[in-house]
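just the structure for this:
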Amino acid sequence: MTEEKVDKTIALLQEIRDLQSVALERQARLLEISEKMFARADEQYDRASQLTSKAEALQDRGLKAIKWVFILGIVAIALVVFL
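Here you go, the predicted structure:
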C-alpha cells in the first residue's frame, strides 16, 4: 500500500469511529428518554389504579345509601298508610 492509501484508510477509519461515537451517544439519549417515558407510564398506571379503587369505593357507598333511602322510604310510606 502506498502512503496515500494508508492515510485515506486511516482517515476513513477515524470517520467511522467518530460516526459510531455519535450513534452511541444518540442511542444512549434515546434509551434515557425511553426509560423516562416508561417511568411516567408506570406512574400513570398506578394513579389510574388508585382512582379506579376510589371510584369503586364511592359506588359501593352510593349503593348502600340508595338502599337505606329505599328502606326508609318504605318505612315512611308504611307509617303514613297505617297512621
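
tell me how far Ala28 lies from Ser21.
Noted for Ala28: a distance of 11 Å to Ser21, by C-beta to C-beta, to the nearest Å. Every C-beta, even on glycine, is put in place using the N, C-alpha and C of the backbone.

how far does whichever strand or helix holds Ile77 sit from the chain's center?
Assessed by DSSP states H and E, Ile77 sits inside helix 3-82. Centroid separation between helix 3-82 and its chain, computed with C-alpha atoms, centre = their mean, to the nearest Å, is 1 Å.

model confidence for Met1, exactly?
Residue-level confidence at Met1 comes out at 71, pLDDT.

distance-wise, check it relative to Lys54.
Computed with C-beta to C-beta, the distance linking Met1 and Lys54 is 74 Å.

got it, and Lys36?
As judged by C-beta to C-beta, Lys36 and Lys54 stand 27 Å apart.

go on, Asp7?
According to C-beta to C-beta, Asp7 stands 71 Å off from Lys54.

and for Gln44?
Separation of Gln44 from Lys54 (C-beta to C-beta): 16 Å.

name all residues that make contact with the residue nearest the centre of the chain.
Central residue of the chain (C-alpha atoms, centre = their mean): Ala41, 1.6 Å from the mean position. Contact criterion C-beta atoms under 8 Å, 6 or more residues apart in numbering gives no residues in contact with Ala41.

pLDDT value on it, please?
On pLDDT, Ala41 comes in at 97.

ok, Val81 next?
89.

just give me the neighbour total for it.
Residue neighbour count, defined by other C-beta atoms under 10 Å, stands at 7 for Val81.

can you check Leu79 too?
When neighbours are counted by other C-beta under 10 Å, Leu79 registers 9.

please apply the same query to Asp60.
Summarising burial for Asp60: neighbours were counted as other C-beta under 10 Å, giving 10.
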